[in-house]
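# compute the structure for the input listed below.
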Amino acid sequence: MLAANEERFRRIYTECLERPAGDYAELLRRGHVSSQEGVDVEAWRADIRRQARQDRIRVITSRDGARGLAMLNCRIADDRAMDAMRGALDRVVVLGELRERSRLFGHELGSWFGHHDELISTCERCGARLYTRLGSERIEDGEALNQLCAGDELSDP
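Predicted coordinates:
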């Protein structure tokens, strides 16, 4: 991975996974957040809603198994709705293509993390990294796109 992309990967990892400012700050920054593993989901959801009420912000919270989810409840203007949907679809297509390309090397990518147009993922078997920046000057970098998965070797006794 190029040094500049390595730095961006580490920064996104720290911001999104370690969340130094907390889950509510992450919600405000990204527009959505999920709870960390092992937390009391109902207490987490209540805390997110409490902070949002204090700030007079509308949020939606839900539960997906052992994880809590929260997102800002924002209305998109009618004249921007089609562009927003097109952008979301383009993002899903690109990330799906990257997932498939990494599978050619035997990788199984986990969840995507990031913000705006920069996203990261890692192989759940071997930890190979993938960094991408979407947009007009797209960047795709990382071991998951050019090295065979070492996951089977890691699981051997």
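# what is the least confident helix or strand in this structure?
Ranked by mean pLDDT, DSSP states H and E, the helix or strand of the chain with the weakest confidence is helix 151-155, at a mean of 58.
# which residues in the chain form strands?
32-34, 59-64, 67-72, 113-115, 118-122, 129-133, 139-141 (DSSP state E).
# how about CSV for those, with mean neighbour count added?
All C-beta spots, glycine's among them, are computed from the backbone N, C-alpha and C. Listed next are the strands of the chain as CSV, based on neighbours: other CB atoms under 10 Å:
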stretch, mean neighbour count
strand 32-34, 19
strand 59-64, 15
strand 67-72, 19
strand 113-115, 17
strand 118-122, 21
strand 129-133, 22
strand 139-141, 17
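# with distance to residue 24 added, can I get these in TSV?
Below are the strands of the chain laid out as TSV (distance: least, CB to CB, whole Å):
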stretch	distance to residue 24
strand 32-34	8
strand 59-64	9
strand 67-72	8
strand 113-115	15
strand 118-122	22
strand 129-133	26
strand 139-141	30
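# all good on my end, thank you.
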